[in-house]
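Peer 1: Please find the sequence and the predicted model below.
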Amino acid sequence: MVKPRLKRYGGKQRKTYRIIAIDVQSRQQGKAIKEVGCYNPRNGQIQLDVSAIISFLKKGAQTTETVRDILRRAKVFEQVEVN
């Protein structure tokens, strides 16, 4: 099963995250199937590939809690009816 989750980048005190679609059985920092966005918590910047995220969600992908909160803030769930 594919799961959208965060992958950490950046140095000490300069965290940035990429939102990736990755197989559940892969390790956390493993190779991603596809990079679907990025999130910068320092300035609240969110960049998403909405069409790719929606296609993964329609295929049954389950997001992590943090990614779900980011997608809610970006109002992705309002664009499509997904559980």
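Peer 2: All right, it came through fine.
Peer 1: Can you show me the strands along this structure?
Peer 2: Ranges of strands in the chain, per DSSP state E, are 2-9, 16-23, 34-40, 45-48.
Peer 1: pLDDT averaged over the first one - what is it?
Peer 2: For strand 2-9, the mean per-residue pLDDT is 90.
Peer 1: Then the shortest one?
Peer 2: Averaging pLDDT along strand 45-48 yields 93.
Peer 1: do the third one as well
Peer 2: Over the span of strand 34-40, the pLDDT mean works out to 93.
Peer 1: Output the strands of the chain as TSV; include the columns distance to residue 79 and mean neighbour count.
Peer 2: C-beta here means a position set from N, CA and C on the backbone, and glycine is covered the same way. Output for the strands of the chain, formatted as TSV (distance: least, Cβ to Cβ, whole Å; neighbours: other Cβ atoms under 10 Å):
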stretch	distance to residue 79	mean neighbour count
strand 2-9	15	18
strand 16-23	16	20
strand 34-40	14	18
strand 45-48	11	14
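Peer 1: Take the ones you listed and lay them out in TSV including distance to residue 56.
Peer 2: Output for these, formatted as TSV (distance: least, Cβ to Cβ, whole Å):
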stretch	distance to residue 56
strand 2-9	6
strand 16-23	5
strand 34-40	7
strand 45-48	12
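Peer 1: Out of the ones you listed, which gets nearest to residue 65?
Peer 2: Residue 65 sits nearest to strand 2-9 of all those, at 9.9 Å, using Cβ to Cβ.
Peer 1: Just the C-alpha atoms of that closest one, please, in PDB.
Peer 2: Provided in PDB are the C-alpha atoms of strand 2-9 (Å, rounded to 0.1, in the frame of the first residue of the first chain):
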ATOM      1  CA  VAL A   2       1.200   3.500  -0.800                       C
ATOM      2  CA  LYS A   3       1.200   6.200   1.900                       C
ATOM      3  CA  PRO A   4       1.900   9.900   1.600                       C
ATOM      4  CA  ARG A   5       4.200  11.000   4.400                       C
ATOM      5  CA  LEU A   6       6.900  13.500   5.200                       C
ATOM      6  CA  LYS A   7      10.600  13.100   4.400                       C
ATOM      7  CA  ARG A   8      12.900  15.500   6.300                       C
ATOM      8  CA  TYR A   9      15.500  17.700   4.600                       C
END
